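K.L.:
Fold the following for me, if possible:
(chains A and B)
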Amino acid sequence: MAVRRCTGMLLAAVVIAVAAAGAAASLQFVEPVPYGKAVPRAGGGAPTFTVEPQQVPIGLFYGGTTIRVQGDLPADLPCAVLLEGPREPLTLKRKGKVWGLLWMNVGEVEFAEVPTVYLLQTSAPLSSLASAGQLAEAGLGYPALARRAGTDTTAFRELIQLKEKEGFFSVAAGAVSLEPAEQGTARLSSAIPLRARIPAGEYTVSLIGFDGGHVRRLARAAVSLEQVGLVQALHSLAMERGLLYGCTAVIIALLAGLGTGLIFGKGTSKGH
Amino acid sequence: MPIYLPIASNSVSALGLVSLGALVGLMSGLFGVGGGFLMTPLLIMIGIPPTIAAASDSNQIVAASASGSYAHFRAGNVDLKIGILMLLGGLAGGTIGVQIIKLLRALGEANFVITVVYVLMLGGVGSYMFFESFGALRGRTRAPAGTKMGPSVQRRLAEALPLKMNFPRSGIRMSVLMPLGLGVIVGLLAAIMGVGGGFIMVPVMVYLLRMPMHVVVGTSLFQILFTCINVTILQSTINHTVDFILALLLLAGSVIGAQIGVRIGRRLKGDQLKILLSVVVLVVCAKMLLGLLLRPDVLVAYPGGH
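P.N.:
This next block holds a predicted model:
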């Protein structure tokens, strides 16, 4: 245990050094997961990991962004990069046939725990990297999420379809590239596209290694999406002072409507 | 150009929204309907959450109907007396309608009943309007709208009612209870169906109140204006679902579209307008029916939509 903690501290020290050297800030290595060995170290170096950008401002012209993840890993260590939002209970409407004829909302389906956002990229197909049990325990892949959601698989499959369509969920095998680098290390790079509809909030990017079938969380960094400027001002006005916001919206709409009427009305004579 | 919408939390094409607004505004000025039946599903399609799409659309309709009813008012096509009476009835009907929905929900299968009634009504009203105006156009090509006064059940009922009043703008004399009572029914249906009510209001004024088509369009827009002001403020205060940037882009197009719609409408005869509107109503009805009959892509949905 003491050895493991030492390794952790060493990793943390490296990270701080990397951060100080001008890489992305607030980088935090986590202790190796309880099962399995410590992170293998290649040529005396430890894994490094940068995530950019970590602060994403959402302004009036925001149209989504791309989170770039880079790092140096021991060679021959397949890995995954996961951008995840908070896990929450979720209730959806369930559609079904009424009287064997019409498709309508027929009830609700409740999921115990679903991440708001789940974007997983791996260097190879997940099933080839670890056993189903290990993946489930680490919460990697849709089957693992389904288990935590606690619903029947049909309902979860529909949820995945809905979330994938909106860009909130994706699992992309082979999207993480590992290029051989010097001294038995590999250079990791991955680009996670974030669609504009992913809402403001705090997200976590994790780097996960698969060491001979064992799942290890190697590092973690926070990514924060924040509304700024006019977007932020309008949002807080709408949420905090609804009546004022609604009345202003109506008055501006009325002025716009009547103003256009006046402009257009000038050129024409009175109708019938 | 992408623009980020603060409440809908999504980025959309600004030009796309302005064009969409122009199209729906045109229909609004032409037919006297709010256009929510067209706008809300299109907004949902481009990635706006259903509740926000509906609420922001009502904000946009305030602008479009203000623009349209002003133009109609100048042209003498707004019957203020009937409009205000129906509006008062509509407010009462809306309040009762909300209670009825609660009751229906408690009984279960409310969605099914509401949807089927709505589709049947759209189909019925659309077909009746289409064949009636088609016959009128073929039979008496120069027949001015609103002069066909065939004695019918509702006509005789209307004549039996007390509190008669003249409505010079529409050129009719009827009981005050007629517009008031029909307003209640329209408000009731609008609340139950979850739509603005233009589709129900226009045929009611044309066929039950026997108002001339052009005055119907102007008066309907005048009422929609007030209904949507009310809805916008309520939605902003209670549900916080009005996205002002979204509404602003839509209304930039719709205020101009509404003016063009009014101008096109002036060149058309009442029966031609009715035929066009009936085609729109039938298309909407067919689209709803298809949506009910075809298996949806995804069998789960976020709460709040239809």
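
K.L.:
What is the burial count for the residue in the stretch 51-200 of chain A positioned nearest to chain B?
P.N.:
For the stretch 51-200 of chain A, the residue positioned closest to chain B under Cβ to the nearest Cβ is A:A196, at a distance of 3.3 Å. Where C-beta positions appear, they are placed from N, C-alpha and C, glycine not excepted. By the criterion of other Cβ atoms under 10 Å in any protein chain shown, A:A196 has 20 neighbours.

K.L.:
Just want the phi and psi numbers for it.
P.N.:
phi -60, psi -30 (degrees, to the nearest 10).

K.L.:
shouldn't it be in contact with A:T66?
P.N.:
No - the criterion here is Cβ atoms under 8 Å, and A:A196 misses it with A:T66 at 11.9 Å.

K.L.:
SS state for the closest residue to the residue of the stretch 51-200 of chain A closest to chain B other than its chain neighbours?
P.N.:
Leaving aside its sequence neighbours, A:A196 sits nearest to B:S11 (Cβ to Cβ, 6 or more residues apart in numbering or on different chains; 3.3 Å). Counting by DSSP: H, G, I helix; E, B strand; the rest coil, the backbone at B:S11 sits in strand.

K.L.:
again, but for the one 4 residues further on
P.N.:
In the three-state summary, B:L15 is assigned as helix, counting by three-state DSSP.

K.L.:
where's it relative to A:N105, distance?
P.N.:
Distance, B:L15 to A:N105, by Cβ to Cβ, to the nearest Å: 34 Å.

K.L.:
Looking at those two, which is more packed in?
P.N.:
More neighbours surround A:N105 than the other of B:L15 and A:N105, with 19 against 13 (other Cβ under 10 Å).

K.L.:
isn't there a helix covering B:P41?
P.N.:
Yes - under three-state DSSP, B:P41 falls within a helix.

K.L.:
That one: how many residues sit nearby?
P.N.:
By the criterion of other Cβ under 10 Å, B:P41 has 18 neighbours.

K.L.:
and the nearest residue to B:G123 once chain neighbours are set aside, how many neighbours?
P.N.:
In this structure, B:G123 finds its nearest non-sequential neighbour in B:C285, 4.7 Å apart by Cβ to Cβ, 6+ apart. The tally of other residues near B:C285 (other Cβ under 10 Å) stands at 21.

K.L.:
Check what pLDDT A:E113 gets.
P.N.:
Reported pLDDT at A:E113 in the predicted model: 91.

K.L.:
Tell me which helix or strand it sits in.
P.N.:
Using DSSP states H and E, A:E113 sits within strand A:102-115.

K.L.:
strands paired with the helix or strand following that strand, and their directions?
P.N.:
Remark: after strand A:102-115, the chain's next helix or strand is strand A:118-122, criterion DSSP H and E. As defined by DSSP bridges, the strand partners of strand A:118-122 come to strand A:79-84 (antiparallel), strand A:169-173 (parallel).

K.L.:
Pull out the buried residues from the helix or strand following the last one.
P.N.:
Meaning strand A:169-173. Counting by DSSP H and E, the next helix or strand C-terminal to strand A:169-173 is strand A:177-180. By 16 or more other Cβ atoms under 10 Å in any protein chain shown, the buried positions in strand A:177-180 come out as A:L178.

K.L.:
ditto for stretch A:202-217
P.N.:
Under the neighbour-count criterion of 16+ other Cβ under 10 Å, stretch A:202-217 has A:203-211, A:214-217 buried.

K.L.:
Then stretch A:192-203?
P.N.:
Across stretch A:192-203, burial judged by 16+ other Cβ under 10 Å covers A:192, A:194-198, A:200, A:203.

K.L.:
Then stretch B:45-53?
P.N.:
Burial within stretch B:45-53, assessed by neighbour count using 16+ other Cβ under 10 Å, is assigned to B:47-53.

K.L.:
List the single closest residue to the residue of the stretch 101-250 of chain A at minimum distance from chain B in space, sequence neighbours excluded.
P.N.:
Going by Cβ to the nearest Cβ, chain B is nearest to A:G246 of the stretch 101-250 of chain A, at 2.7 Å. Spatially, and ignoring its direct neighbours in sequence, A:G246 is nearest to B:S236 (2.7 Å; Cβ to Cβ, 6+ apart).

K.L.:
What's the local residue count around that neighbour?
P.N.:
Per other Cβ under 10 Å, the neighbour tally for B:S236 reads 29.

K.L.:
I figured it hits A:L243, correct?
P.N.:
Yes - proximity of B:S236 to A:L243 meets the contact threshold set by Cβ under 8 Å, at 6.9 Å.

K.L.:
just to revisit the earlier point, dump the residue contacts of the residue of the stretch 51-200 of chain A closest to chain B.
P.N.:
A:62-64, B:2, B:4, B:10-11 (Cβ atoms under 8 Å, 6 or more residues apart in numbering or on different chains).

K.L.:
count of neighbours near the closest residue to chain A within the stretch 1-150 of chain B?
P.N.:
Ranked by Cβ to the nearest Cβ, the top residue of the stretch 1-150 of chain B for proximity to chain A is B:A66, at 2.8 Å. Around B:A66 there are 29 other residues, counting by other Cβ under 10 Å.

K.L.:
Over to A:E240?
P.N.:
Residue neighbour count, defined by other Cβ under 10 Å, stands at 10 for A:E240.

K.L.:
The helix or strand where A:I192 lies to strand A:169-173, inter-axis angle?
P.N.:
Element membership for A:I192 (DSSP H and E) is strand A:185-194. If you take axes from the mean of the first three to the mean of the last three Cα atoms, to 10 degrees, strand A:185-194 sits at 150 degrees to strand A:169-173.

K.L.:
If you check the stretch 201-306 of chain B against chain A, which residue is the closest one?
P.N.:
Residue nearest to chain A within the stretch 201-306 of chain B (Cβ to the nearest Cβ): B:S236, separated by 2.7 Å.

K.L.:
Pretty sure B:L177 sits against B:K164.
P.N.:
No - when contacts are counted by Cβ under 8 Å, B:L177 is not listed as touching B:K164 (9.7 Å).

K.L.:
between these two, who's got more neighbours?
P.N.:
Using other Cβ under 10 Å as the criterion, B:L177 and B:K164 rank with B:L177 on top: 16 against 13.

K.L.:
Report the separation between the more buried one and chain A.
P.N.:
In this structure, B:L177 and chain A are 30 Å apart, going by Cβ to the nearest Cβ, to the nearest Å.

K.L.:
For that residue, list the residues it contacts.
P.N.:
Applying Cβ under 8 Å, 6+ apart to B:L177 gives the contacts B:161-163.

K.L.:
number of nearby residues for B:L163?
P.N.:
Residue neighbour count, defined by other Cβ under 10 Å, stands at 10 for B:L163.

K.L.:
Ramachandran angles for the closest residue to it other than its chain neighbours?
P.N.:
Nearest residue to B:L163, sequence neighbours excluded (Cβ to Cβ, 6+ apart): B:V176, at 4.4 Å. Main-chain dihedrals, B:V176, degrees, to the nearest 10: phi -60, psi -30.

K.L.:
Give me the neighbour count for B:V176.
P.N.:
B:V176 has 16 neighbouring residues, counting by other Cβ under 10 Å.

K.L.:
That one and chain A, how far apart?
P.N.:
27 Å.
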